[in-house]
Structure formats: C-alpha cells, structure tokens
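Undergrad: Give the three-dimensional model of this entry:
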Amino acid sequence: MSMDLDDLQLLLDVAQLGSFSQAAAIRGWSQPVVSQRIALLEHQLGSPLFRRHRRGVTPTPACEQFLPAARTALTALSEGRLAMQGAPAMPRIQLASLPSLTSVVFSPLLMELVDGPFEIRCDSDHSGGIMQALLNGGCDIGFVLKCPPVAGIQMELLCRSPIIVVASPLHELAGCRNLTLHHLADQRLAPQQWGVACDVFIQQLRRLRRATSPLHAIQPASAARELALEHGFITLMPALAVARDLELGRLVRLDVEGLPQDHWDVMMAWRGGKRPNPAKETVLTIARKMAERWRNDPLRSATATTP
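TA: The predicted structure follows:
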C-alpha cells in the first residue's frame with residue numbers, strides 16, 4: 001500500500017484545525033478536494049478518521065492512534081533532508097500555553113533552555129485545544145487551566161494564582177485605602193474574562209453602577225493589561241499574568257473589599273509514554289523549578305507554599 005506523504009500532512013492539518021474547509025484554504029484548494037483525499041486515506045487505512053459535525057470535524061479514536069505515527073514519518077523525512085544538506089536535525093519539543101500565560105511561561109523556559117541540546121517550538125491555544133493536541137501528538141507539554149482528567153494525559157498543579165484588581169500608578173484610586181466595590185462601580189473597567197465568576201462580578205457591579213456606560217470583559221491578559229497601562233482602565237486578572245508589572249511599579253494592586261475570591265489553577269499537562277524522552281523530562285524539570293519560584297512569590301501566587 002502506497003501512501004502520499006502530502007496526504008499525511010493534510011491529515012495532521014485537518015486534525016489540528018478541526019476543519020476540512022480551513023485545511024483547504026491554506027492550500028488554495030476547494031473543500032471537496034480535501035474530502036476526497038481524506039476519503040482515500042480512510043480507504044487505505046481501513047477506518048474512518050474523522051467525525052463530521054456542524055462546527056467541523058474531530059479525529060476518531062483510530063485517527064488519534066495513527067496521528068503520532070504520521071507525525072513521526074514526516075519528522076523523519078524532514079530530518080533526513082536536513083542531514084543530507086549537512087545540517088543534522090536536533091530533537092524538538094512542542095510547547096503550548098493559554099494566550100494569557102505565554103509571556104510568563106515561554107520566556108523563562110526559553111531563557112533556561114536556550115543552549116539546551118534540543119529545539120523548542122511554542123504555540124498558544126485554549127485549554128481544550130491544547131489537551132486535544134496532546135492526545136493527537138501535536139504538542140508535547142501544555143500549560144492549561146484546571147480541567148477534567150483525560151485518559152492518557154498526566155497533569156500537575158503548578159500554581160494557584162488569585163484574581164486581583166490592578167491599575168496604573170497614575171490612576172486616581174492608586175494608593176487609596178479601604179476601597180469597596182462602590183468605588184470601582186463607576187470607573188472605566190475592563191476585567192479579563194477569567195471565568196464564570198467574571199460574569200457574576202460584572203452583574204454585581206452593574207447593580208452598583210450609577211453611570212449607564214457598558215461594562216466590558218476582555219481576553220487575553222495582554223489586552224486587559226494594555227488598557228490598564230495605556231488607557232486608564234481598572235482591570236481584574238490573575239496575579240501571575242501581571243506580577244512583573246507589579247514588581248517594576250508599572251501597575252499597582254488595588255486593595256478592594258468584597259472582591260470575588262477566585263483564582264486560576266495553572267496546570268502542566270503531558271502525555272506519558274514508555275519510551276524515554278530526555279528533552280521532555282528536561283523541560284518538565286525546569287517548569288517545576290519555575291513554578292516553585294511562582295509559589296514562593298506573593299505577587300504571583302495565592303500562597304507562599306506549595307499548593
């Protein structure tokens with residue numbers, strides 16, 4: 001049975017994008033062409049590869065079992081080509097993080113591993129997308145929020161980061177004491193959409209608000225941070241996402257009574273395997289050391305001890 005390597009790459013792209021149409025668009029093809037190529041692969045492999053639904057497609061269990069082999073084959077081909085050109089390939093680790101955590105996760109990891117004997121690739125996605133990528137082999141280590149256990153995926157709590165209120169040090173409420181929700185209610189507010197409790201908090205503020213202007217919630221953390229830094233907004237977000245700004249005095253924390261006692265549980269997730277992977281183990285070790293520093297820093301963590 002002969003299998004086209006381009007079709008293997010197509011398979012990986014459809015699995016990652018969750019859409020025949022998007023996989024077609026990046027190639028300049030029509031969607032029916034992708035459907036035909038995937039149908040040919042399904043015939044060759046003797047099993048359905050995707051479940052169709054209104055929002056796109058998801059890999060079948062058989063497809064998820066095959067994806068690591070497809071990725072290995074394409075990686076081996078790429079490494080072989082590099083070796084022929086006199087540029088031997090190095091082991092590669094694929095990392096993924098929530099967009100709101102990329103700066104606090106990727107930067108310190110890369111600084112620690114910049115001279116390591118392997119290459120790192122970084123990407124961002126929501127927690128569900130990262131977990132799916134871990135399952136299908138598109139990601140080696142993910143940094144996600146706490147979510148239900150997934151068979152085959154190991155998860156470890158790195159940090160519990162409280163939701164805090166921050167503003168520019170030039171804001172009129174900076175340095176004020178004994179603030180309450182009434183003081184916040186009529187300010188320009190744009191909390192980061194940190195979870196369900198954010199919507200509850202906005203409803204609570206709306207009842208206290210005298211102004212008729214809207215209350216916004218925003219993602220990711222970088223957008224909420226910019227509104228506070230550059231445009232005079234007050235925002236609520238995980239302390240971990242702005243700890244460096246607080247340390248350098250670019251933002252200040254407002255001490256407000258009656259805030260929701262909420263937090264982000266930042267998890268590290270990876271797929272276990274019988275085959276040793278020194279590069280992955282190195283990244284896991286460095287990430288644990290990074291998390292220990294977070295937990296011992298009151299600016300970042302809900303506690304100064306390991307959760």
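
Undergrad: Show me which helix or strand of the chain is least confident by mean pLDDT.
TA: helix 61-84 (a mean of 82; mean pLDDT, DSSP states H and E).

Undergrad: Quick check: which helices or strands does that one pack against?
TA: When contacts are defined as 3 or more CB pairs under 8 Å, 6 or more residues apart in numbering; DSSP states H and E, helix 61-84 sits against helix 5-17, helix 127-136. Glycine gets a C-beta too; all of them are placed from N, C-alpha and C.

Undergrad: could you point out which element follows the longest one?
TA: Okay, so that is helix 5-17. Note on helix 5-17: by DSSP states H and E, the next helix or strand toward the C-terminus is helix 20-25.

Undergrad: Show the contacting residues for Arg206.
TA: Applying CB atoms under 8 Å, 6 or more residues apart in numbering, we find Arg206 in contact with Leu215.

Undergrad: so it, which of the three states?
TA: helix (DSSP: H, G, I helix; E, B strand; the rest coil).

Undergrad: Quick check: it vs Leu254, distance?
TA: Relative to Leu254, Arg206 is positioned 19 Å away (CB to CB, to the nearest Å).

Undergrad: Check Gly142 too.
TA: If you go by CB to CB, the gap between Gly142 and Leu254 works out to 32 Å.

Undergrad: and what of Ala223?
TA: Distance of Ala223 to Leu254, computed by CB to CB: 19 Å.

Undergrad: For the two, indicate the residue with more neighbours.
TA: Per other CB atoms under 10 Å, whichever of Ala223 and Leu254 has more neighbours is Leu254, with 22 against 14.

Undergrad: Looks like that one contacts Ala174 (just checking).
TA: Yes - between Leu254 and Ala174 there is a contact under CB atoms under 8 Å: 7.2 Å.

Undergrad: mind checking the backbone torsions on the residue nearest to Gln261 when sequence neighbours are not counted?
TA: Excluding the flanking residues, the one nearest Gln261 by CB to CB, 6 or more residues apart in numbering is Pro162, at 7.9 Å. Per-residue torsions, Pro162: phi -70, psi 150 (degrees, to the nearest 10).

Undergrad: where along this structure do the helices fall?
TA: In the chain, the helices defined using DSSP state H lie at 5-17, 20-25, 31-45, 61-84, 102-113, 127-136, 181-185, 196-208, 221-231, 239-248, 278-295.

Undergrad: still on that earlier bit, list the buried residues for the least confident helix or strand of the chain?
TA: Residues Cys63, Glu64, Phe66, Leu67, Ala70, Arg71, Leu74, Glu79 are the ones in helix 61-84 that count as buried (16 or more other CB atoms under 10 Å).

Undergrad: do stretch 273-287 as well
TA: Per 16+ other CB under 10 Å, stretch 273-287 contains these buried residues: Ala279, Lys280, Thr282, Val283, Leu284, Ile286, Ala287.

Undergrad: Tell me which residues touch the closest residue to Ile164 other than its chain neighbours, please.
TA: Using CB to CB, 6+ apart and skipping residues adjacent in sequence, the residue nearest Ile164 is Ala239, 4.9 Å away. With contacts defined as CB under 8 Å, 6+ apart, Ala239 is in contact with Ser161, Pro162, Ile163, Ile164, Leu246, Arg253, Leu299, Arg300, Ser301.

Undergrad: ditto for Cys198
TA: Neighbour list for Cys198: Pro191, Gln192, Ala217, Leu236 [criterion: CB under 8 Å, 6+ apart].

Undergrad: What's the separation between the residue sitting nearest the centre point of the chain and Gly142?
TA: Compute the mean C-alpha point of the chain, and by CA atoms, centre = their mean the closest residue is Leu98, 1.8 Å away. Distance of Leu98 to Gly142, given as CB to CB: 9 Å.

Undergrad: Common neighbours of those two, please.
TA: Residues touching both Leu98 and Gly142 (CB under 8 Å, 6+ apart) are Ser127, Ile130.
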